[in-house]
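Chemist: Just a sequence and a predicted model for now, questions to come.
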Amino acid sequence: MRYVITTLCTALLALHALGQTLYSISYDSSYDSASTSVDSVTCSSQLISEGYATYGSIPTFPSLGGSTNITGSNTSSCGQCVVFEFAGNFAGVKLINSAEGWDFVISEEAMDALTNNITIYPHVNARIIEGPYNC
């Protein structure tokens, strides 16, 4: 009986996971540079109004990144925190910029956390853990 229940639970979890959207994620090591000015990102006006001048001054540094959903400085995704899951690993990232070529582009350190420091992954397909989350 215990085996049947365990098998059913595993099957249900697998079905749930299959139904979740996967997002393409790559990294850009420029998000890991603390001295980079926030003037260089799409969400700069919001970041400056919050008192941030460089990436290093943002409390979530270096867990920063960009999204294709960010198309301008007034996009509601500016400043949003997103938590990704890949192969049982998690990484939370504050979105501060647009992204091209991928759904999300994150810092190399956040990518390392997401891939458990397996550097053979130049990009991954990960899911977003439901939020919202505060960074």
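Modeler: Cool, got the structure.
Chemist: which SSE is Gly92 in?
Modeler: Using DSSP states H and E, Gly92 sits within strand 89-98.
Chemist: contact partners of that strand?
Modeler: Applying CB atoms under 8 Å, 6 or more residues apart in numbering, the contact partners of strand 89-98 are 38, 41-43, 47, 58, 60, 63-71, 77-84, 104-107, 110-111, 113-116, 129, 133, 135. Every residue, glycine included, has its C-beta placed from N, CA and C.
Chemist: Please point out which parts of that strand sit buried.
Modeler: By 16 or more other CB atoms under 10 Å, the buried positions in strand 89-98 come out as Asn89, Ala91, Gly92, Val93, Lys94, Leu95, Ile96, Asn97, Ser98.
Chemist: After it, which helix or strand is next?
Modeler: Using DSSP H and E, the helix or strand that follows strand 89-98 in sequence is strand 104-106.
Chemist: Can you pull out the residues in contact with that following strand?
Modeler: With contact meaning CB under 8 Å, 6+ apart, strand 104-106 is reached by 23-28, 31, 63-68, 82, 84, 91, 93, 95, 97, 99, 114.
Chemist: List buried residues within the residues you listed.
Modeler: By 16+ other CB under 10 Å, the contacts of strand 104-106 give 23, 25-28, 31, 63-68, 82, 84, 91, 93, 95, 97, 99, 114 as buried.
Chemist: mind listing which of those residues are in helices?
Modeler: Among these, DSSP state H puts Leu114 in helices.
Chemist: ok, Ala126 - contacts?
Modeler: Ala126 sits in contact with Leu22, Tyr23, Ile25, Phe84, Glu85, Phe86, Leu114, where contact means CB under 8 Å, 6+ apart.
Chemist: Phi, psi for it please.
Modeler: Dihedral pair for Ala126: phi -120, psi 170, per degrees, to the nearest 10.
Chemist: ok, now how distant is it from Thr54?
Modeler: Ala126 is 27 Å from Thr54, where distance means CB to CB, to the nearest Å.
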